[in-house]
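Asks: I would like to see how this sequence folds:
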Amino acid sequence: MTDPIVVAEGLHKSFGDTHALRGLDLSVPAGTVCGVLGPNGAGKTTAVRILATLSDPDAGHARIAGHDVVREAGQVRERIGLAGQYAAVDEKLTGRGNLRMFGRLYHLSRRAAYRRADELLERFGLMDAADRPISGYSGGMRRRLDLITCLILRPEVLFLDEPTTGLDPRSRGEIWDSIRELVADGTTVLLTTQYLDEADQLADDIAVIDHGKVIATGTPDELKATIGDRLDVVLQDPATLATAATVLNTLAGTEPATTDAGRLSVALPATGLRLADIVRELDHAGVAAADVSLRRPTLDEVFLRLTDRKETAR
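Replies: Got it, this is the predicted structure:
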């Protein structure tokens, strides 16, 4: 096993009467992508701000590459990069000008800053637009430039807080490719996202946060396995929806979801059910199925199940 490069133990953080973190624990192996998921207000951004030394915890400890984020904040900052939810670039400057400026702000020599700017522009496919003002960049190009400004000093750990918010599918794919390149070079990425398919595509491991605590961890496949396979039924006659729902509830022991008119989906119990038995019971109830199929659950379904269970338990 790879040693963890990001460790959080019992983090607490409150803002007045609001408890943002309630004992958060997290461990991220070096050279991996950790996807951090959670509903709005779950504590994701607060956790990132503490790990990136932008905020101190009220209790608990966190370390980056062995350095305490409070007592050794300077050493932590030398090892991390952070890209927030919105591109933090100067629109009046060109792409090349932005990277050169950031290089100088990072105390690189003029020559080193210029060289590093050209290296990054070439590597991430922005050289053709290097001398155009940022005001003329697309949203995806701005986000890519914002991401690579964090790489000027080659960080060991990169925090990405919802990096593809508001981007079109093509631009999101370009950001995904950039993240994969970084990890291939050994950078550890901690990614918060509202897009479950993004975590499914990129994350080696996922931590689900709700009410300021990590409530589940594992690979995408491991988390999907926790809720079992899904059964999808498409009805020939949508008028039989209520009867079909009753049959599936009896067989699976849980209320099926109606995805659209005449289509139901339900989680199967761990013991499993044969498709032939399901079709037979539907037929006995006078329900004709146009299609019955088994599939693995999506990460969206896992997320909803986990956070719904947490809410129910409160």
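Asks: Dihedrals phi and psi, the nearest residue to residue 134 once chain neighbours are set aside?
Replies: By the measure of Cβ to Cβ, 6 or more residues apart in numbering, the closest residue to residue 134 outside its immediate chain neighbours is residue 91, 4.4 Å from it. The C-beta positions use only the backbone N, C-alpha and C, and glycine is treated the same way. In terms of degrees, to the nearest 10, the main-chain angles of residue 91 are phi -70, psi -20.
Asks: swap in residue 103?
Replies: Main-chain dihedrals, residue 103, degrees, to the nearest 10: phi -60, psi -40.
Asks: ok, and the closest non-adjacent residue to it?
Replies: Nearest to residue 103 is residue 113, by Cβ to Cβ, 6+ apart, at 2.8 Å.
Asks: Can you tell me the SS state at that neighbour?
Replies: For residue 113, the assignment made with DSSP: H, G, I helix; E, B strand; the rest coil gives helix.
Asks: how deep is the residue nearest to residue 134 tucked in, by neighbour count?
Replies: Look at residue 91: counted by other Cβ atoms under 10 Å, it has 12 neighbours.
Asks: Also residue 78?
Replies: Neighbour count of residue 78, defined by other Cβ under 10 Å: 14.
Asks: what's the spacing between it and residue 239?
Replies: When distance is defined by Cβ to Cβ, to the nearest Å, residue 78 is 66 Å away from residue 239.
Asks: Equivalent analysis for residue 304, please.
Replies: Using Cβ to Cβ, one gets 28 Å for the distance from residue 304 to residue 239.
Asks: Those two: who's more crowded?
Replies: residue 304 (16 against 10).
Asks: Angles on the backbone of that one, please.
Replies: phi -60, psi -40.
Asks: what sits against residue 296?
Replies: By Cβ atoms under 8 Å, 6 or more residues apart in numbering, residue 296 lies in contact with 224, 229, 230.
Asks: Mind checking which of these are buried?
Replies: Neighbour-count burial (16 or more other Cβ atoms under 10 Å) applied to those gives 224, 229, 230.
Asks: list the contacts for the second one?
Replies: So the one you mean is residue 229. 267, 268, 272, 294, 295, 296, 297.
Asks: quick one: it from residue 183, how far?
Replies: Residue 229 sits at a distance of 30 Å from residue 183 (criterion: Cβ to Cβ).
Asks: Go through the contacts of residue 229 and flag which are in strands.
Replies: Using DSSP state E, the subset of the contacts of residue 229 located in strands is 267, 294, 295.
Asks: so where's the protein uncertain?
Replies: Where the chain drops to pLDDT under 70, the residues are 1-2, 85-87, 270-272, 309-314.
Asks: sec struct for residue 62, please.
Replies: Following three-state DSSP, residue 62 is assigned to strand.
Asks: ditto for residue 190
Replies: Three-state assignment for residue 190 (three-state DSSP): strand.
Asks: residue contacts, it?
Replies: Contact analysis of residue 190 by Cβ under 8 Å, 6+ apart lists 6, 28, 33, 34, 36, 48, 51, 157, 158, 159, 160.
Asks: Swap in 7 Å and give it another go.
Replies: By Cβ atoms under 7 Å, 6 or more residues apart in numbering, the residues touching residue 190 are 6, 28, 34, 36, 157, 159.
Asks: From these, which land in strands?
Replies: Short answer: the contacts of residue 190 in strands (DSSP E) are 6, 28, 34, 36, 157, 159.
Asks: So how do I select the buried members of those in ChimeraX?
Replies: Entered in ChimeraX, the line below selects the buried ones among the ones in strands among the contacts of residue 190, by 16+ other Cβ under 10 Å:
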select :6,28,34,36,157,159
